[in-house]
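**Q** how would this look folded up:
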Amino acid sequence: MPVLKRIVPGPSELSPAPACQMPEPLFAVSDSGLEEVLDILNRDERLDAWGKILFFLQQKTSLDGRRPVDLLRESKVKEVCLAAQAYAE
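**A** The predicted model follows:
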């Protein structure tokens with residue numbers, strides 16, 4: 001069974017977003033590639049936590065209309081990393 005990680009801290013970590021706004025399935029992904037993608041997004045100082053959340057949850061034309069979070073769940077890390085690089089430019 002894959003280990004799940006949160007993209008952003010949850011309510012127990014004093015998240016600025018109420019848990020009801022982000023159901024667990026939307027922001028829990030397996031370890032596969034998450035750290036790598038976040039490293040890419042963290043290079044852009046203009047991106048705050050909300051900007052990073054939007055990256056993961058918005059459909060991307062470069063990903064054939066799919067959301068990065070969904071591709072990470074399928075372990076398609078390379079595709080998400082490429083999209084993250086374009087998003088962070």
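**Q** The protein: strands as residue ranges?
**A** All strands of the chain, identified by DSSP state E, fall at 4-6, 28-30.
**Q** Longest helix of the chain, counting residues only.
**A** Secondary structure assigned by DSSP state H gives helix 77-87 as the longest helix of the chain.
**Q** Can you flag the weakest of the strands of the chain by average pLDDT?
**A** Note on these: lowest mean pLDDT is at strand 4-6, with a mean of 50.
**Q** show me where pLDDT drops low in this protein?
**A** For the chain, the stretches with pLDDT under 70 are 1-32.
**Q** Mind jotting down where the helices sit in it?
**A** 24-27, 34-42, 49-57, 68-73, 77-87.
**Q** can the ones you listed go into CSV with extra columns for mean neighbour count?
**A** C-beta coordinates here come from the backbone N, C-alpha and C atoms, glycine included. Formatted as CSV, the helices of the chain follow (neighbours: other Cβ atoms under 10 Å):
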stretch, mean neighbour count
helix 24-27, 14
helix 34-42, 16
helix 49-57, 17
helix 68-73, 21
helix 77-87, 18
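**Q** and the longest helix of the chain, what other elements does it pack with?
**A** helix 34-42, helix 49-57, helix 68-73 (3 or more Cβ pairs under 8 Å, 6 or more residues apart in numbering; DSSP states H and E).
**Q** and the angle from that helix to helix 49-57?
**A** Here helix 77-87 points in a direction 140 degrees away from that of helix 49-57 (axes from the mean of the first three to the mean of the last three Cα atoms, to 10 degrees).
**Q** For Lys52, which non-adjacent residue is spatially closest?
**A** Distances taken as Cβ to Cβ, 6 or more residues apart in numbering place Leu41 nearest to Lys52, at 5.1 Å, with adjacent residues excluded.
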